[in-house]
Each structure stands twice: as C-alpha cells, then as structure tokens.
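Enquirer: Turn this into a model:
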Amino acid sequence: MPRFVLLDRDGVINRRIISAYVTAWEKFVFLPGALEALRLLHENNYQVIVVSNQAGVGKGLMTAADLDEITRRFVAEVEAQGGRIPGVYYCTHGPADGCECRKPKPGLLRRAQAEHHFDFGRTFVVGDTESDLLAAHAAGCPAIMVSETPVAALEKLPHAPRVTVPNLLAAAEFLVNKPE
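Expert: Residues are numbered from 1 along each chain as shown. Coordinates of the predicted model:
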C-alpha cells in the first residue's frame with residue numbers, strides 16, 4: 001500500500017526567491033539533495049504530492065501557462081532522476097483573496113486527499129514556513145519543518161513540527177527510517 005507525503009515547493013524542492021516569485025523555468029533551481037530525496041521517497045513507496053501557494057499568477061506576475069510549464073519541466077526532471085510526483089496542487093490566489101485553498105488554510109491538502117484517498121493522520125506535510133505547519137495542523141497531518149537552523153519558537157507552538165531538518169533529503173531519510 002503506498003504511503004503519501006505532501007511537499008511544499010519553494011524552499012523545499014527548489015530555491016525560494018526572497019520577496020519574488022519563480023516565474024519562469026530559468027528561475028527554478030533545485031535545492032541540493034532534492035532530486036535524490038524525491039528518488040528515495042519513490043523507491044520507498046511514497047507518493048509525493050506537491051501543495052504550494054503560487055500567488056504570482058493571481059498578482060499577474062506570471063500566467064497559469066507559465067506555471068504549468070515550470071511544473072511540467074520540474075516534474076519531468078524529477079522523473080528523469082528516478083523520482084515521481086503524481087500530483088501537484090497550487091493556490092494561485094493572492095493573500096487578500098480570502099480563498100479556502102491558500103495555506104495556512106487546508107483547502108489544497110483536502111483537494112489532494114479527495115483525489116488520492118490518503119489518511120491525513122498518516123501523511124506528513126513537509127514545509128519551510130509556519131503557514132505549512134498551520135495547514136498541516138488544520139488537516140490533522142504531522143509536519144516536518146525544513147530549515148537550515150532549528151526554529152525553537154515553532155517547536156513550542158501547538159502546531160509544532162514533528163522534527164526540524166536542514167533539507168528535503170534529511171526529511172526523506174526521516175520518513176523512510178521512521179517506525180510505522
């Protein structure tokens with residue numbers, strides 16, 4: 001039976017651009033170890049689902065077609081390296097739009113669950129922001145925080161991550177080595 005893991009994109013799989021957006025494939029840079037992590041998850045029967053806020057579309061900084069092209073290319077590169085991403089879910093709304101899909105609300109996670117039929121309580125969310133932790137908490141998922149430095153303040157919150165790791169590869173290793 002496959003296991004599932006929900007990954008944020010920017011800051012987990014690829015480099016986050018501070019105060020800007022990945023608006024073209026040329027700006028998409030895989031983080032060190034990310035492709036290896038995605039291959040490791042696939043080899044260990046994890047279904048990787050990406051759930052990511054992408055407000056650049058809603059703000060008019062890129063088109064939906066631009067986002068689709070970035071997604072097509074990064075998913076193809078993951079597959080070329082031995083990984084697999086069977087689902088990608090984006091919220092393209094801006095922060096002020098009040099939608100239900102923008103993290104920290106759990107709408108994207110619920111949409112992914114409705115289409116892939118996984119158990120929230122057994123599905124980790126891997127993210128790099130507090131909004132990822134809040135979305136995981138709202139859906140009832142355990143969370144892993146990706147941060148190069150431990151975030152002690154987040155670990156004291158009621159929606160604290162199960163573990164804080166420096167990168168996606170460390171998160172993947174945690175997942176494949178944790179007891180069931």
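
Enquirer: tell me which element residue 137 is part of?
Expert: Element membership for residue 137 (DSSP states H and E) is helix 130-139.

Enquirer: Give me the contacts around that helix.
Expert: Helix 130-139 has contacts (C-beta atoms under 8 Å, 6 or more residues apart in numbering) with 6, 8, 51, 53, 103-106, 108-110, 113, 120, 124-127, 142-143, 145, 154, 157-161. Just so you know, the C-beta spots here come from the backbone N, C-alpha and C atoms, and that holds for glycine as well.

Enquirer: Quick one: mean pLDDT for it?
Expert: The average pLDDT within helix 130-139 is 95.

Enquirer: again with stretch 157-164
Expert: In this model, stretch 157-164 has a mean pLDDT of 84.

Enquirer: repeat for stretch 75-95
Expert: Mean per-residue pLDDT for stretch 75-95: 97.

Enquirer: related to what we said a few turns ago, relative to the whole chain's centre, how far out is the helix holding residue 137?
Expert: Offset of helix 130-139 from its chain centre (C-alpha atoms, centre = their mean, to the nearest Å): 11 Å.

Enquirer: now do stretch 159-172
Expert: With C-alpha atoms, centre = their mean as the basis, stretch 159-172 stands 12 Å off its chain's centre.

Enquirer: buried residues in that stretch?
Expert: Applying a neighbour-count criterion of 16 or more other C-beta atoms under 10 Å, one finds 160, 161, 162, 163, 164, 165, 167, 168, 169, 170, 171, 172 buried in stretch 159-172.

Enquirer: can you map out the strands along the chain?
Expert: 3-7, 46-53, 87-91, 124-127, 143-146, 163-165 (DSSP state E).

Enquirer: Cool, thanks, talk later.
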